[in-house]
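A.B. asks: show me how the following folds:
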Amino acid sequence: MKRIILSMFFTLCLYEGLTCQNVVHGIVKEHNSGKPLPNASVSIEETNFTQQTNAEGSFSIDNTPDGTYFVLIKAEGYKTQNYPITLTGETIDLGIVFMYSEEIYEEQDMTTITITDDELNGDTSGADNISGLLQSSRDIYLRTAAFEFSSSFFRVRGLDSENGKLLINGVTMNKRYTGRPQWSNWGGLNDVFRNQEFTNSFRASTYTFGGALGITQISTKASDYKAGGRFSYASSNRSYVHRVMATYATGLLKNGWAFTFSGSRRAAKEGFVNGTSYNANSMFIAIEKQFNSKHSLNFTGIYAANRRGKSAGNTQEVYDLKGIQYNPYWGYQNGEIRNSRVKDIEEPIVQLNHYWNISKKTAIASVVSYQFGGVGNSRIDFGGAVVENDVLDGNGNPFIVELGGANPDPSYYQNLPSYALREGNANVYETEQAFLNDGQLNWDQLYTANLSTGSYSSYVLYEDRNEDKTISFNTLLETELNDNILFNASLQYSRLRSENFAEVLDLLGGTGYLDVDNFEDTFDGKQNNLLNPLHVATVGDRFKYNFNLNSETYEGFAQAQFNYNKVEFFLGSSLSKTSHERVGLYKNGKNPTNSLGSSGKQEFINFGIKSGLTYKLNGRNLIDMNVGYLTKAPTLRNTFSNSRENNDVVIGLTSENILSGDISYVLRTPKIQAKVTGYYAKVNDATEVSFYYADGIIGVDNATAFVQEIMTNVDKQHIGVELGLEAEVTSTIKLKGAANIGQYTYANNPNIYLTSSNITTQGGLDYGKSNLKNYKLSAGPQKAYSIGFEYRDPEYWWFGATANFFNEIYIDVAPLTRTYPFAIDPNGSGDLGLGETPFNDYDETIAKELLQQERFSDYMVVNLVGGKSWSVGNGRYIGLFASIGNVLNQEYKTGGYEQGRNANYRELRDDKALEKRVFGNKYWYGRGTSYFLNINYRF
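C.D. replies: Below is the predicted model:
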């Protein structure tokens, strides 16, 4: 009896143990074909339990402890699936799990990237758009900034795009003149520029030290492109209306060769803004030869020619009369739209890369790059003159007589109702009606004026042009010192030779154009080139100015990355030497002693240091910290105060320095991805050079002059919080949210001085400090929020919607009006700094109101996106994508600036007191409702 009882007891225990065992099983199949998918990886998150599916696609995992888990199912080329489970001593059957081809989803993502293609072509005079730096990021916040915030000219952390580095095959492509990438140099080549690696902030990067906005590295290695082709057509009403693109890649052939080709054309008679024509052709080739497992060569050729009509910022008076699509730069000629301001870009790039795999742990990549070509910006000059040889001045020189050309801009302030009101003219209504009914450039009038002179042109169409030649060498070392330490180092040399000149494009019916400056009084002063006085320029001639800019940079970079189970950290540093030089080819009549020849080299030694740490609390939670400090040489633009006329170097020129850091908390679960980041950036000792007409300035005859405003020792502070959140509500529905709460301000009162041909004081006029501290930077919305959802159906169609909210957008203030001469009467006694006379009616309270910074209205933009993909067999796919931007047709200001014309208290007070301001702020508006449609075929 005892034996029977014991046997029953052990049997019950064994049965209980068997029934308590946890088992998870299922079958994995390919969605399109329904066939079993072998060798798919099935794992239970945060455990060591993992298994490969068998030939029938089935799996079974047992002996897993009780608890709540996610089952992750992965297979190469398919979208990862995850399922939540709770194990309490039972068998869970997941049934049939379908895996969806990632290629189709990649097509959807790639199509989404193309919507920013036209956004990247805007002039930085209006706003600065850095979406191209971010589009390769998988970070939910940064992708939102790229795709949802870009139309509002949002700047990540309020920083200019010159703080981010863009590399193609390891070569920095940021321009020396502005510090920014020239996106049009590779525009229209989206298919072959998708191999991007983005490193945010001062995080570790394999390629270079980078900047406060990180690094985007684009690889064009021919063997990296998957074999096959792609053809697409797109239509939009933004910048271009039509785009066709074709791409084909062979993949790596058996003989070690790989070839990739791509080409596109984009065109429009006009985009969303009236008169903005668009004409662009792009071509790409990459050829690679892999000689063996250690050595390969890759040749890349990039050609992107882009010619497009530009648009202007306008005062509110102009927008109220003509709407946000108005553009004064164009008019009809022979029934065709002709824009006077055309940007023409043609700067091909050729590169040769050598890849050397020294061992399994060490590799060296080297590249030589050459970029050449030019950029032109056309405009109309109306300073035509003739020579009166029969009449001589006291020095025996002939008189130069103006032909009386007036500013042809239809939105010029003297052509608007506000000016007629101010002047008390009786024809205010007629002026308004004439502008309402026409308001466009009158080409016929220009031709008539030129033909009526019987000789030289009063008006001429010309181009401000720079033709650059840049050669770069770079070599990069990467080696694994051991299982935990990775070391990177690079050396780079780059040299720019830039020709800068004005060139006559069209004499507009005249026979020649006298190359003089009519704003000057003396014969010599009028000559743009004393080496060739009274030069009559014809089509193709250089005139007005002619000089070269030379720049060289040597840079070294080293970095060590340390990777351990719970902690990852790195240290990086850089050292560079930069030199800038101007070489004048004209002897300018206003600057006869310092315009011809070399300015001398301006040299800068710079360095950077950065570090970061990632601490993994567990598999789902981590803390990430990064900090960096660098000094940066000034750009060519900010090195010379007026490079078109003289060799003057900015007084007190120095490198700017940047301190930036951030700390992030990251949550990663199969259902929720979240990241919150606090950031801080401080820019010190920046330099800014501006050009404009100013009225009411002291120290100048008639108190009016075209001035160069040089602002030095500029400090800026950027502080804020970023948030990104993505939640998978179901296997088909995702909720997405992002937010930026920032505060970007001037952090000090910088120094200002003015130079002008009307200013004879050595070194210009010192205006002292500009009281800018705590004024907000004009850097797009300082606060931005986005909330949306995305539905992706198992049948490969998808739809998404987002609502985006923007506030705290500020005008770019005029620094000159924040200086002490603002309160000084230019007609009073005393020179600048020597007993000036203040305005006798100056009121401090009114002055504060006049100088209050304008804040734009808050606004919301709703965007819709959707698409459908079809598999048509044998690895071929058809994709359709459509988006509608600004569905509610919201009108909103994206940026603007205070005109510097009213330079003193009385001028500004009287202008603001008018019923309609004559010199009101200039603005840029965002687009109204716009669309983008793309259909593609991939094989």
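
A.B. asks: the helices in the chain, which residues?
C.D. replies: Under the criterion DSSP state H, the chain carries helices at the ranges 2-19, 102-114, 131-134, 140-147, 316-322, 417-423, 428-437, 443-453, 523-526, 844-850, 905-912.

A.B. asks: which residues of the protein score low on pLDDT?
C.D. replies: Where the chain drops to pLDDT under 70, the residues are 1-20, 32-33, 102-138, 829-835.

A.B. asks: and Pro410, how many neighbours?
C.D. replies: For Pro410, the count of nearby residues is 21 (other Cβ atoms under 10 Å). All C-beta spots, glycine's among them, are computed from the backbone N, C-alpha and C.

A.B. asks: contacts only, for it.
C.D. replies: Contact analysis of Pro410 by Cβ atoms under 8 Å, 6 or more residues apart in numbering lists 328, 331, 435, 438-442.

A.B. asks: same check, this time on Ala705
C.D. replies: Neighbouring residues of Ala705 by Cβ under 8 Å, 6+ apart: 693-694, 697, 756-759.

A.B. asks: swap in 7 Å and give it another go.
C.D. replies: Taking Cβ atoms under 7 Å, 6 or more residues apart in numbering, we find Ala705 in contact with 694, 697, 756, 758-759.

A.B. asks: what do you get for Ile337?
C.D. replies: Per Cβ under 7 Å, 6+ apart, neighbours of Ile337: 269-270, 275, 277, 330.

A.B. asks: let's see it at 6 Å
C.D. replies: 275, 330 (Cβ atoms under 6 Å, 6 or more residues apart in numbering).

A.B. asks: which one among the contacts of Pro410 gets closest to Gly800?
C.D. replies: Lowest distance from Gly800 to the contacts of Pro410 (Cβ to Cβ) belongs to Pro328, with 37.6 Å.

A.B. asks: how many neighbours does that closest one have?
C.D. replies: A count of nearby residues for Pro328, using other Cβ under 10 Å, gives 24.

A.B. asks: hang on, it packs against Tyr413?
C.D. replies: No: look at Pro328 against Tyr413 with Cβ atoms under 6 Å: they stay out of range, at 11.7 Å.

A.B. asks: out of the contacts of Ala705, flag the one nearest to Glu499.
C.D. replies: The shortest approach to Glu499 among the contacts of Ala705 belongs to Ser756, at 25.6 Å (Cβ to Cβ).

A.B. asks: kindly format the C-alpha coordinates of stretch 313-322 as PDB.
C.D. replies: The C-alpha coordinates for stretch 313-322 follow below in PDB (Å, rounded to 0.1, in the frame of the first residue of the first chain):
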ATOM      1  CA  GLY A 313      10.600  88.800 -49.400                       C
ATOM      2  CA  ASN A 314       8.000  91.500 -49.300                       C
ATOM      3  CA  THR A 315       6.500  94.000 -46.900                       C
ATOM      4  CA  GLN A 316       3.100  93.300 -45.400                       C
ATOM      5  CA  GLU A 317       1.600  96.100 -47.600                       C
ATOM      6  CA  VAL A 318       2.700  94.200 -50.700                       C
ATOM      7  CA  TYR A 319       1.300  90.800 -49.500                       C
ATOM      8  CA  ASP A 320      -2.000  92.500 -48.500                       C
ATOM      9  CA  LEU A 321      -2.400  93.800 -52.100                       C
ATOM     10  CA  LYS A 322      -1.000  90.900 -54.100                       C
END
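
A.B. asks: where do the strands sit along the stretch 1-150 of the chain?
C.D. replies: With DSSP state E, counting those that start in this stretch as the criterion, the stretch 1-150 of the chain has strands at 23-30, 41-44, 50-52, 58-62, 67-74, 81-87, 91-99.

A.B. asks: so who does the closest residue to Gln81 other than its chain neighbours touch?
C.D. replies: On the basis of Cβ to Cβ, 6 or more residues apart in numbering, the spatially nearest residue to Gln81 that is not a chain neighbour turns out to be Ile73, at 4.5 Å. By Cβ under 6 Å, 6+ apart, the contact set of Ile73 is 40, 42, 81, 97.

A.B. asks: out of these, who's the most crowded?
C.D. replies: Scoring these on neighbours with other Cβ under 10 Å, the highest-scoring entry is Val42 at 25 neighbours.

A.B. asks: beta partners of that one?
C.D. replies: Under DSSP bridges, the beta-bridge partners of Val42 are Gln51, Ile73.

A.B. asks: shouldn't it be in contact with Ser58?
C.D. replies: No: the pair Val42 / Ser58 is not scored as a contact, 9.8 Å apart, by Cβ under 6 Å.

A.B. asks: what residues are bridge-paired with Asp766?
C.D. replies: According to DSSP bridges, beta-bridge pairing links Asp766 with Tyr753.

A.B. asks: isn't it up against Ile752?
C.D. replies: No: in this structure, Asp766 is not within contact of Ile752 by Cβ under 6 Å, at 8.0 Å.

A.B. asks: when those two are compared, which one has more neighbours?
C.D. replies: Between Asp766 and Ile752, counted using other Cβ under 10 Å, the more crowded position is Ile752 (25 against 15).

A.B. asks: what residues are bridge-paired with the residue nearest to Lys682 when sequence neighbours are not counted?
C.D. replies: Spatially, and ignoring its direct neighbours in sequence, Lys682 is nearest to Leu659 (4.8 Å; Cβ to Cβ, 6+ apart). Assessed by DSSP bridges, Leu659 has beta-bridge partners Tyr629, Lys682.

A.B. asks: wait, what's in contact with Glu56?
C.D. replies: Contact analysis of Glu56 by Cβ under 6 Å, 6+ apart lists Pro36.

A.B. asks: and Asp62, by the same measure?
C.D. replies: Per Cβ under 6 Å, 6+ apart, neighbours of Asp62: 21, 23.

A.B. asks: the closest residue to Pro348 other than its chain neighbours: neighbour count?
C.D. replies: Nearest non-adjacent residue to Pro348, counting by Cβ to Cβ, 6+ apart: Tyr303, 4.7 Å away. By the measure other Cβ under 10 Å, the count of residues near Tyr303 is 19.
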